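> sequence first, then the predicted structure:
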Amino acid sequence: MSTQSERMRAAVRCENCEAILVAEIAPGGSVRPLGTSEDCVCGDGTFVRLE
């Protein structure tokens, strides 16, 4: 199980609806959006990390 210190936060963009969210990224690369956004309701789940 990952600890909080192994995870990082970053801005991500939904590839489907292009909404920008803050997410937690695990060492393995899985992305979990934090909170909710009224702009991203598509539920696609495919995110790209913004640099």
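Happy to help now that I have it. Numbers count the residues shown, from 1 in each chain.
> quick one, strands of this protein?
For the chain, the strands defined by DSSP state E occupy 8-14, 20-25, 31-33, 47-49.
> how about those, which one is nearest D39?
If you check each of the strands of the chain against D39 by C-beta to C-beta, strand 20-25 wins as the nearest, at 7.7 Å. Every residue, glycine included, has its C-beta placed from N, CA and C.
> what helices or strands is that closest one leaning on?
With contacts defined as 3 or more C-beta pairs under 8 Å, 6 or more residues apart in numbering; DSSP states H and E, the secondary structure elements packing on strand 20-25 are strand 8-14, strand 31-33, strand 47-49.
> which of the strands of the chain has the lowest mean pLDDT?
When the strands of the chain are compared on mean pLDDT, strand 31-33 scores lowest, with a mean of 89.
> partner strands of it and their direction?
For strand 31-33, the paired strands and their directions (DSSP bridges) are strand 20-25 (antiparallel).
> pull the contacting residues for A11.
A11 makes contacts with 20-23, 49-50, as judged by C-beta atoms under 8 Å, 6 or more residues apart in numbering.
> ok, what's across the strand from it?
Listed beta-bridge partners, A11: V22 (assigned using DSSP bridges).
> what residues are up against the residue nearest to V12 when sequence neighbours are not counted?
Closest residue to V12 in three dimensions, ignoring its sequence neighbours and counting by C-beta to C-beta, 6 or more residues apart in numbering: F47, at 4.0 Å. Remark: with contacts taken as C-beta under 8 Å, 6+ apart, F47 is in contact with 12-15, 21, 23, 31, 33.
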